[in-house]
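1. Take a look and give me a structure for this.
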Amino acid sequence: MTAHSYALRMIWQRLCFMHWMVDAAPLQALLPAGLTLDTYLGQAYLGVVPFLMSGVAPRGLPSVSGLSVFAELNLRTYVTDQSGTAGVWFFSLDAAQPTAVRLARLGFHLPYFDARMWSARHGDVTEYASVRTHTGITPGTFAGAYRPIGPAFESEEGSLEAWLTERYFLFSAAGDKLYRGPIWHQRWPLQRAEAEIRVNTLPELIGLKLEGQPHLLYGERLEVKAGLITRLN
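-> Below is the predicted model:
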């Protein structure tokens, strides 16, 4: 499968990779059978990633005003499957676009949830807030601000920055069925970042408590294509 056979295109904007070092065992216990927690030099990471989506549309169709631009917030970690393929496992994806939430849940088996979200930009600072509103799901809240610092750079092969950001597969599950889908994009143009995190209850919803300061990276804009998922078992 190549990028020419993609199913969905999108642009990720004003993204902040916020990663905390966490114990591996609790994360592994939360993963479905068939996936193994991926670590960097033996260290596991949990990521909270706020950003904006734009230009979201299926292949061959134009983007639609009101449907193609929305805020999104991910809680994620990193895994490998039984073939050794590395990718992203999402514990949750909050989004402020109800149609996108339902299509992603149906078509990709991803744990998308409705949320009331707000974002604004003041100079180089992005203000961001999210409250999960999905029916029957425990609310999760995030609020903070972040901005890039320093010049743009591309991560070096083998570095922590590359390990955290250059991920070209996602995994999802429905019942005992495990799926994998490809993602295509150019290498991230990254900047170091600083952030003020005022509220972050998302990790608590999976039974984890974050400690210490996060590792922070900022990405201004990246065009992305996603392929259809395939079943692995």
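
2. contact partners of the biggest helix by length in the chain?
-> In the chain, taking DSSP state H as the definition, the longest helix is helix 98-108. Applying C-beta atoms under 8 Å, 6 or more residues apart in numbering, the contact partners of helix 98-108 are 53, 56, 67, 70, 93, 95, 110-114, 134, 170, 172, 179, 181, 226, 228-229. Every C-beta, even on glycine, is put in place using the N, C-alpha and C of the backbone.

3. Only whichever of these are buried, select them in ChimeraX.
-> The buried residues among the contacts of helix 98-108 can be selected in ChimeraX (16 or more other C-beta atoms under 10 Å) with this line:
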select :53,56,70,93,95,110,111,112,113,114,134,170,172,179,181,226,229
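
4. Flag every buried residue along the longest helix of the chain.
-> For helix 98-108, a neighbour-count test (16+ other C-beta under 10 Å) marks 100-101, 103-105, 108 as buried.

5. One more: stretch 128-142?
-> 128-132, 134, 140-142.

6. hmm, which two among those residues are most spread apart?
-> Y128 and H134 (18.6 Å; C-beta to C-beta).

7. tally of neighbours for Q213?
-> Other residues within reach of Q213, judged by other C-beta atoms under 10 Å, total 11.

8. ah, wrong one, I meant R14
-> R14, neighbours per other C-beta under 10 Å, totals 21.

9. Just the terminal-to-terminal distance for stretch 152-164.
-> Start and end residues of stretch 152-164 are separated by 16 Å (C-alpha to C-alpha, to the nearest Å).

10. whoops, stretch 161-173 was the one
-> So stretch 161-173: terminal residues 27 Å apart, C-alpha to C-alpha.

11. quick one: contacts of it?
-> Residues contacting stretch 161-173 (C-beta under 8 Å, 6+ apart): 17, 19, 32, 35, 40, 45, 47, 78-79, 81, 85-90, 108-111, 155-156, 178-185, 187-188, 190, 215, 217, 219, 226, 229.

12. So which of the residues you listed belong to strands?
-> 17, 19, 35, 45, 47, 78-79, 81, 86-90, 178-184, 190, 215, 217, 219, 226 (DSSP state E).

13. So what pairs up with the spatially most central residue of the chain in the strands?
-> The residue lying closest to the centre of the chain (C-alpha atoms, centre = their mean) is N74, at 4.2 Å. Going by DSSP bridges, N74 is paired in beta bridges with V49, L93.

14. sorry, back to before: which of the contacts of stretch 161-173 are buried, as a ChimeraX select command?
-> Typed into ChimeraX, the line below selects the buried ones among those, using 16+ other C-beta under 10 Å:
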select :17,19,32,35,40,45,47,78,79,81,86,87,88,89,90,108,109,110,111,155,178,179,180,181,182,183,184,185,188,190,215,217,219,226,229
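
15. so who does the closest residue to Q186 other than its chain neighbours touch?
-> Once flanking residues are discounted, Q186 sits nearest to L222: 6.9 Å by C-beta to C-beta, 6 or more residues apart in numbering. Residues in contact with L222, defined by C-beta under 8 Å, 6+ apart, are 11-13, 15, 185-186, 188-189.

16. Show me which of those residues are buried.
-> Members of those classed as buried by 16+ other C-beta under 10 Å are 11-13, 15, 185, 188.

17. I figured R187 hits E154, correct?
-> Yes. Assessed by C-beta atoms under 8 Å, R187 is found in contact with E154 at 5.1 Å.

18. Q186 is in contact with E223, isn't it?
-> Yes. Counting by C-beta under 8 Å, Q186 does reach E223; the two are 7.4 Å apart.
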